[in-house]
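Engineer: mind looking at a prediction? Sequence and model below.
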Amino acid sequence: MFEALERLPITEMRSRHAKCRAALAAVAPGAGGLLVFARLSIYYLTGSWANGVLWLPLEGEAVLCCRKGRKRAELESPLTHIVSFRSFGDLAGLCAAAGSPLADVCAAEQSGLPWNLAQLLTSRLPDVSFVPGDAALAVAQAQKSAWELTKIRLCGARHAKGLMELLPATIAPGMSEREIARKCWDAFFDLGHQGMLRMGSGDEIFLGHIAAGDSGNYPSVFNGPVGLRGEHPALPFSGYAGKVWKKGEVLTIDNGFSLEGYATDKTQVYFAGKQADIPEAVRRGHDLCVRVQQAAAERLKPGAIPSELYALALSMAEQEGLTEGFMGLGENKVRFLGHGIGLLIDGWPVLAKGFDTPLEAGMTLALEPKFGIAGVGMVGVENTFEVTEAGGVCLTGDDYSILCVE
């Protein structure tokens with residue numbers, strides 16, 4: 001007999017189902033339930049990284065249909081109805097037999113299926129009409145439960161220890177970005193990092209960004225302000241073996257830490273030299289980012305509007321005469337200040353124009369004001385915060401200064 005490594009509490013599962021149903025009623029009012037396909041979304045709603053389809057009706061019990069691994073799902077999930085299936089054509093009969101028949105109109109997690117499988121699904125269920133349901137999952141996952149927050153807080157504490165205590169003791173000028181990346185992995189794995197970082201956008205991510213000097217402004221395809229050379233054109237992440245961190249240069253590390261499925265995001269800037277030798281342009285840009293982070297964090301309260309926080313950040317940069325370089329240089333510039341985070345690095349909501357739904361207590365967001373300096377690199381901060389009635393509580397350390405390594 002096997003035992004589950006962790007079994008999702010049934011109260012936690014029911015709470016997640018209720019949040020998802022409430023969100024679904026708002027975003028797809030004509031749908032009778034939600035069909036979920038992505039394994040991460042299935043994990044959120046069941047507690048198991050299942051290979052299959054989950055049917056979550058507005059009323060009645062959810063049904064998990066597994067292509068493979070039904071026994072593992074039974075170990076990890078408190079769901080009552082977990083069945084095996086082979087074809088999308090089996091879904092209607094299996095759900096009906098479980099007492100939760102498919103609705104005439106079903107919301108679908110459209111990002112969870114490639115086009116070819118989506119076409120197969122609709123051909124096998126010709127009597128069902130489909131509407132988009134992804135937004136319901138994003139909204140439900142944004143507000144974290146006490147159970148989730150316990151994991152994220154621990155994750156953030158370990159993230160801070162890795163970047164602020166363990167790593168500085170093992171790196172030095174003269175090391176390549178790739179050597180620094182290996183030291184970062186050593187520190188993180190010693191602290192329990194699980195190795196995987198997940199994104200909902202479809203982007204890949206490996207370790208994060210290790211950018212020494214002008215690597216911080218190297219052209220980047222990643223939707224973030226920090227540039228990097230990366231390992232290779234086929235893997236533009238982590239650090240380049242041919243770029244050495246030199247005395248007098250900044251080193252920017254922007255990465256995530258993963259623990260029990262949940263992630264935090266943090267950026268730490270290092271300087272190869274003494275505090276007194278940090279160039280004025282570096283100090284000025286970094287100080288702006290710290291002030292922007294503080295101003296936004298103070299406003300991370302229930303009812304705050306994400307788009308207004310983004311506008312505040314732009315205004316502060318403009319007042320300092322530092323619009324050029326704020327949130328990236330040239331084509332690396334991004335049009336957001338931060339993002340939700342949890343099971344996904346790039347969660348909902350985004351602190352950007354057009355995001356006007358008020359924040360709620362229990363949301364976790366990464367604030368990442370950055371400043372690019374031509375010929376120098378990228379400075380600034382990123383930390384993960386919890387939204388509370390008193391404002392944002394930082395989960396990834398409270399020292400936002402540039403760390404000097406000689």
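Structural biologist: Yes, it's here.
Engineer: from now on I want contacts and neighbour counts done on CA atoms only, so please keep to that.
Structural biologist: OK.
Engineer: which parts of the chain are helices?
Structural biologist: Along the chain, counting by DSSP state H, helices occupy 10-27, 39-46, 70-76, 91-97, 115-124, 134-142, 146-161, 177-190, 280-298, 306-319.
Engineer: could you dump the ones you listed to TSV with mean neighbour count and distance to Pro369?
Structural biologist: Shown next, in TSV, are those (neighbours: other CA atoms under 10 Å; distance: least, CA to CA, whole Å):
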stretch	mean neighbour count	distance to Pro369
helix 10-27	18	30
helix 39-46	22	28
helix 70-76	19	39
helix 91-97	17	46
helix 115-124	13	36
helix 134-142	21	21
helix 146-161	20	18
helix 177-190	20	22
helix 280-298	19	5
helix 306-319	19	8
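Engineer: redo these as JSON lines? Include mean pLDDT.
Structural biologist: Putting these into JSON lines (pLDDT from 0 to 100) gives the following:
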{"stretch": "helix 10-27", "mean pLDDT": "97"}
{"stretch": "helix 39-46", "mean pLDDT": "97"}
{"stretch": "helix 70-76", "mean pLDDT": "97"}
{"stretch": "helix 91-97", "mean pLDDT": "97"}
{"stretch": "helix 115-124", "mean pLDDT": "96"}
{"stretch": "helix 134-142", "mean pLDDT": "97"}
{"stretch": "helix 146-161", "mean pLDDT": "98"}
{"stretch": "helix 177-190", "mean pLDDT": "97"}
{"stretch": "helix 280-298", "mean pLDDT": "98"}
{"stretch": "helix 306-319", "mean pLDDT": "98"}
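Engineer: tell me, how many residues neighbour Ala103?
Structural biologist: Number of residues near Ala103 (other CA atoms under 10 Å) recorded here: 18.
Engineer: list the contacts of the closest residue to His159 other than its chain neighbours.
Structural biologist: The shortest distance from His159 to any non-neighbouring residue, by CA to CA, 6 or more residues apart in numbering, is to Phe257 (5.7 Å). Residues in contact with Phe257 (CA atoms under 8 Å, 6 or more residues apart in numbering) are 155-156, 158-159, 188, 193, 197, 263-265.
Engineer: widest-spaced pair of those?
Structural biologist: Based on CA to CA, the longest span within these runs between Arg158 and Leu197 and measures 15.3 Å.
Engineer: which residue is nearest the middle of this structure?
Structural biologist: Ile345 (1.1 Å; CA atoms, centre = their mean).
Engineer: report the separation between the residue lying closest to it once chain neighbours are set aside and Leu343.
Structural biologist: Distance criterion CA to CA, 6+ apart; nearest residue to Ile345, sequence neighbours excluded, is Met199 at 5.4 Å. Met199 is 8 Å from Leu343, where distance means CA to CA, to the nearest Å.
Engineer: ok, now Arg39?
Structural biologist: Distance from Arg39 to Leu343, by CA to CA: 11 Å.
Engineer: kindly report the same for Leu235.
Structural biologist: For Leu235 relative to Leu343 (CA to CA), the value is 23 Å.
Engineer: so which of the two has more stuff around it?
Structural biologist: More neighbours surround Leu343 than the other of Leu235 and Leu343, with 26 against 13 (other CA under 10 Å).
Engineer: can you check the pLDDT for that one?
Structural biologist: Here, the pLDDT recorded for Leu343 equals 97.
Engineer: over to Asn383?
Structural biologist: At Asn383, pLDDT is 98.
Engineer: my read is that it contacts Thr267, right?
Structural biologist: Yes. Using CA atoms under 8 Å, Asn383 is in contact with Thr267, at 6.8 Å.
Engineer: and for the two, which residues touch both?
Structural biologist: Common neighbours of Asn383 and Thr267, counting by CA under 8 Å, 6+ apart, are Glu368.
Engineer: can you pull out the strands in the stretch 301-406 of the chain?
Structural biologist: 338-340, 347-351, 364-367, 370-373, 377-380, 383-386, 393-394, 403-405 (DSSP state E, counting those that start in this stretch).
Engineer: need those strands in TSV with distance to Gly328, can you?
Structural biologist: As requested, the strands of the stretch 301-406 of the chain are exported to TSV (distance: least, CA to CA, whole Å):
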stretch	distance to Gly328
strand 338-340	13
strand 347-351	16
strand 364-367	14
strand 370-373	5
strand 377-380	8
strand 383-386	17
strand 393-394	23
strand 403-405	21
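Engineer: since that was my last question, I'll sign off now.
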